[in-house]
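Student: Predicted model and sequence below, questions to follow.
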Amino acid sequence: MYTPAARRAFSYLASKIHPQLPLSPRESEQLLALLTTSFRAQLDHEHPTTPNRQRKRTAKGVRRTVSPARTPSSTSIAGQHLDAILTNPLFAVRPQRRGSDTARVNAGEVLRDPLSWFLDQVAAGAADIPKATACLSMLKTNSINQAGTTRGTLQDGRNPGAEIAKWLQSSGVEKTKDFRTVRNTEPLLVDLVPLLLEEGQDTHCWRWFSETATTQPSMDAHHTATFRSHLLKNMVWASATQASINPALRTFLRAEKISPTGEILRPAGIFLVKHILSHPKEAPSPDLYDAFLASASTWTGRWSRAMQSLLWLHHPTSPDTRPGLAFIQDPNGAAAQLPKASSKMRHIISQICLDVARLSLEAQKTTETRVVLNFVNTHFPEMVAQPEPEQSTSPRPRRVVDQRKRREDENLRLLDQLALG
């Protein structure tokens, strides 16, 4: 009996004496035809599709032949199966042999064509999420360095976002817990999601968003909700920055229909509110704005009244001070929520006060302006008091100081008008 070590030695010597020769094109074609024939024969044996004629007797005793519904043939099924295999990104690029001179990574070539480098990694079975992130990061750097270029479509017609999304789907990576853990995929999604929207390939994003915890039994609901929340925020952000507020609102409202959950919608909703306040010249569609305003009760929780009051004050066609004024006057409204409010929520309530005061002043509603002034004097005395000159050892950028001074002067001017009214 030979020992395992001896068998391995004989096997090694045999491979050296009789190395396996590469197949000629004719031999390769014959081998593929043989494998295809064998596969189809096995498929016909396991799943026969020959229709059996069924005879039914009519009421008059006449027999007629009824054929069943048309079923796909084994040939078409086998063809589809082979097409799915041969079009897999794993076979899109011929992998280079490891250890050969041509396989050595040239940093300059990788920087010039990151997508080709990543597809080589896919073909070699070595692609992963960090490499996909690095590929997109290099593409982003190249597009910034080359003015007037975009990452959406390369010179050879390839779409980097679609290629990476295709790899995530075909390799099964998008089904893994690693992909749906935010700390692993957030750097990837920040670059991938805007790229997919730019390429018109947002179907991948919606596929990832629509899969719930029930379709991913290996993951708990919290992980899935966190992933979908970050994904939606990136989708909304990309829509607002690449196009305008209207596509961003449509994206948010579509997500709300799929998953009306505050935990998932909240980050994207807060981003939209900030975008609306910081871009007053962007006029959203009234219908979309009304739908977004109505959805605030779903994702803002106990702060829904404050958020809806703020959104009413910035309505594109009919701004309304009544919800905000009622929120300020109600003892169970703003005054009751301020003691438990964070600094961000205090800022929102103060913004409501200023906006109600501004619109009331423009409409010459003296009573409403006095109500707001009394509330501000009681709960936001720092907004009324004159600021002391700052003594700072570290100089601040002049632009930041000027912006802050202008904002303070505007608030003080508005409050002075309220006091005089």
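Tutor: Nice, I can see it.

Student: Who are the contact partners of Ala363?
Tutor: By CB atoms under 8 Å, 6 or more residues apart in numbering, the residues touching Ala363 are Thr321. To be clear about C-beta, it is placed using only N, CA and C from the backbone, and glycine gets the same treatment.

Student: confidence score at it?
Tutor: Each residue has a pLDDT score; the one for Ala363 is 88.

Student: now it: how far from Ala357?
Tutor: As judged by CB to CB, to the nearest Å, Ala363 and Ala357 stand 11 Å apart.

Student: May I have the distance across stretch 327-345, first residue to last?
Tutor: 14 Å (CA to CA, to the nearest Å).

Student: go on, stretch 238-251?
Tutor: 10 Å.

Student: Residues in contact with that stretch: which ones?
Tutor: Applying CB under 8 Å, 6+ apart, the set of residues contacting stretch 238-251 is 193-194, 197-198, 232, 235-237, 271-272, 275-276, 279, 282, 284-285, 288-289, 291-292.

Student: Give the buried residues for that stretch.
Tutor: Across stretch 238-251, burial judged by 16 or more other CB atoms under 10 Å covers Ala238, Ser239, Ala240, Ile245, Asn246, Pro247, Ala248, Leu249, Arg250, Thr251.

Student: now those in CSV, with pLDDT and distance to Arg158?
Tutor: CSV is the format used below for the buried residues of stretch 238-251 (pLDDT from 0 to 100; distance: CB to CB, whole Å):
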residue, pLDDT, distance to Arg158
Ala238, 96, 20
Ser239, 95, 24
Ala240, 95, 27
Ile245, 95, 31
Asn246, 96, 30
Pro247, 96, 25
Ala248, 96, 28
Leu249, 97, 32
Arg250, 97, 28
Thr251, 97, 26
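
Student: among those, which are in helices?
Tutor: With helices taken from DSSP state H, the overlap with these comprises Ala238, Ser239, Ala240, Ile245, Asn246, Pro247, Ala248, Leu249, Arg250, Thr251.

Student: how close does Met177 sit to Thr185?
Tutor: To be clear, residue 177 is Lys; Met isn't right here. Distance of Lys177 to Thr185, given as CB to CB: 11 Å.

Student: Check Val173 too.
Tutor: 10 Å.

Student: quick one: which of these two has more around it?
Tutor: Using other CB atoms under 10 Å as the criterion, Val173 and Thr185 rank with Thr185 on top: 23 against 16.

Student: Quick one: neighbours of Lys340, just the number.
Tutor: 8.

Student: whoops, Asp178 was the one
Tutor: Burial of Asp178, expressed as a neighbour count using other CB under 10 Å, amounts to 11.

Student: Now the phi/psi pair for it, please.
Tutor: phi -60, psi -40 (degrees, to the nearest 10).

Student: In space, what's closest to it - neighbours in sequence excluded?
Tutor: Of all residues not flanking Asp178 in the chain, Asn184 sits nearest, at 5.5 Å (CB to CB, 6 or more residues apart in numbering).

Student: Return the per-residue confidence for Asp44.
Tutor: pLDDT at Asp44 comes out at 75.

Student: my bad, Gly172
Tutor: 89.

Student: how near is it to Asp178?
Tutor: For Gly172 relative to Asp178 (CB to CB), the value is 11 Å.

Student: do Gln169 as well
Tutor: 15 Å.

Student: just Ser210 next, same as before
Tutor: 20 Å.

Student: do Ser278 as well
Tutor: Taken as CB to CB, the span from Ser278 to Asp178 is 36 Å.

Student: Kindly report the same for Ser38.
Tutor: 37 Å.

Student: before we move on, the earlier item: return every residue with contacts to both of Val173 and Thr185.
Tutor: Common contacts of Val173 and Thr185 (CB under 8 Å, 6+ apart): Ile129, Phe179.

Student: Please enumerate the helices of the stretch 151-300 of the chain.
Tutor: 160-171, 182-198, 203-210, 221-242, 245-258, 262-278, 286-299 (DSSP state H, counting those that start in this stretch).

Student: Show me the one of those that comes nearest Ile129.
Tutor: helix 182-198 (5.9 Å; CB to CB).

Student: Other residues contacting that closest one?
Tutor: 129, 132-133, 136-137, 139-140, 150-152, 160-162, 164-165, 178-179, 202, 204-205, 226-227, 230-231, 234-235, 237-239, 241-242.

Student: wait, doesn't Phe209 sit right on Lys233?
Tutor: No - taking CB atoms under 8 Å as the definition, Phe209 is not a contact partner of Lys233, at 11.1 Å.

Student: Next, please give the residue ranges for the strands of this structure.
Tutor: In chain order, the chain shows strands spanning 54-57, 63-66, with DSSP state E as the criterion.

Student: What count of nearby residues applies to the closest residue to Thr298 other than its chain neighbours?
Tutor: Spatially, and ignoring its direct neighbours in sequence, Thr298 is nearest to Pro260 (5.4 Å; CB to CB, 6+ apart). Pro260: 12 surrounding residues under other CB under 10 Å.

Student: Repeat that for Leu31.
Tutor: Neighbour count for Leu31, taken as other CB under 10 Å: 11.

Student: Roughly how far does it sit from Asp113?
Tutor: Leu31 is 34 Å from Asp113, by CB to CB.

Student: before we move on, the earlier item: which one of the helices of the stretch 151-300 of the chain lies nearest to Leu311?
Tutor: helix 286-299 (4.7 Å).
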